[in-house]
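1. 3D model of this:
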Amino acid sequence: MLDIIWRSVIIGIGATALMDIWTVLYGVTSGGGLPNWAPAGRWFKEVAKGRVFHGDINAAEPYRHERALGWIGHYAVGIIYGLLLVLIVGSAWLDTPTFLPAWIFAIVTVGAGWFLMQPGMGLGVAASKTPNPNKVRVLNLVAHTFFALGLYGTALLIR
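-> Numbering: from 1, shown residues only. Sure thing, here's the model as predicted:
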């Protein structure tokens, strides 16, 4: 059982890392810059205090280590997703991983961003209050496809 948990944690970390590599490469090549996890860190801190939804997360009280908390929260969610994937598809997937279950799961998890985190940070449902919501949505789907590739690839590496 402990082996299944550790392998699930590792695939969550590997998947999050691959998604981050794609995000950094995209940001650098498109001129969009590097990811800024400070607003997410501020949001995670606010959630811990019991306040989930904000009109604008930037209006919430700043937190000294919000960037670090954002990165930690980002990887914690990735780990939880790794555990959930194995819980849903079964531990046998760790021995014979296939891409399709990982991809379906990763695309479904976009919903957490669209219907919880983005509205919670004041960005609207599915980024509807951003300057280019469709671009954000497509980039979310692409990022989560890389997350799926990371789930699958990491599972292949550690099987």
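2. how far away is K45 from G73?
-> In this view, K45 and G73 are 9 Å apart by C-beta to C-beta, to the nearest Å. In this view, the C-beta of every residue, glycine as well, is placed from N, C-alpha and C.
3. just P131 next, same as before
-> 25 Å.
4. Have a look at these two and say which one is more surrounded.
-> Higher neighbour count among P131 and G73: G73, with 20 against 7, using other C-beta atoms under 10 Å.
5. Report the contact partners of that one.
-> For G73, the contacting residues are W37, A40, G41, F44, by C-beta atoms under 8 Å, 6 or more residues apart in numbering.
6. Just give me the neighbour total for the residue nearest to H65 when sequence neighbours are not counted.
-> Counting by C-beta to C-beta, 6 or more residues apart in numbering, the nearest residue to H65 once its immediate chain neighbours are dropped is G41, at 7.2 Å. For G41, the tally of surrounding residues (other C-beta under 10 Å) stands at 23.
7. Now the helix or strand hosting A76: average pLDDT?
-> Under the criterion DSSP states H and E, the helix or strand holding A76 is helix 66-89. Averaged across helix 66-89, the pLDDT comes to 98.
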